[in-house]
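Below are the sequence and a predicted model; questions follow.
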Amino acid sequence: MSEPNKVLLTVEDVRKITGLGRDRVYEFMHSRELPTMKVGRKLMVHEDHFYKWLKNEGNKNSYYMKK
């Protein structure tokens with residue numbers, strides 16, 4: 001999982017947490033379904049936003065894990 005005190009997650013962090021492939025993580029980030037920010041050349045996601053997205057809160061357009 002992420003390091004303690006680490007607030008921004010990299011693509012690799014998201015891969016390790018979700019078990020998704022690199023291309024799939026980038027697909028979510030580029031589709032803006034997963035709220036991301038660009039830091040230099042890296043795409044990163046705030047830890048709070050990631051876990052909210054993972055729980056499918058606020059993803060009205062998502063077909064994954066529908067309630």
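It's in.

Now stretch 46-58: buried residues?
Within stretch 46-58, the residues scored as buried using 16 or more other C-beta atoms under 10 Å are 49-50, 53. Bear in mind the C-beta positions are built from the backbone N, C-alpha and C, glycine included.

Which residue in those has the weakest pLDDT?
For those, the minimum pLDDT belongs to residue 53; the value there is 88.

Can you report how many residues neighbour residue 35?
15 (other C-beta atoms under 10 Å).

Tell me if I'm right that it and residue 46 touch.
Yes. The pair residue 35 and residue 46 qualifies as a contact (C-beta atoms under 8 Å) at a distance of 7.4 Å.

what's near enough to touch residue 39?
residue 8 (C-beta atoms under 8 Å, 6 or more residues apart in numbering).

Then the one 5 residues further on?
Going by C-beta under 8 Å, 6+ apart, residue 44 touches 8-10, 36-38.

which among the residues you listed end up buried?
Burial by neighbour count, 16+ other C-beta under 10 Å: within these this picks out 8-10, 36.

and which of these is nearest residue 21?
residue 10 (14.7 Å; C-beta to C-beta).

residue contacts, that closest one?
42-44.

swap in residue 9?
If a contact means C-beta under 8 Å, 6+ apart, then residue 9 has 2, 17, 44-47, 50 as its contacts.
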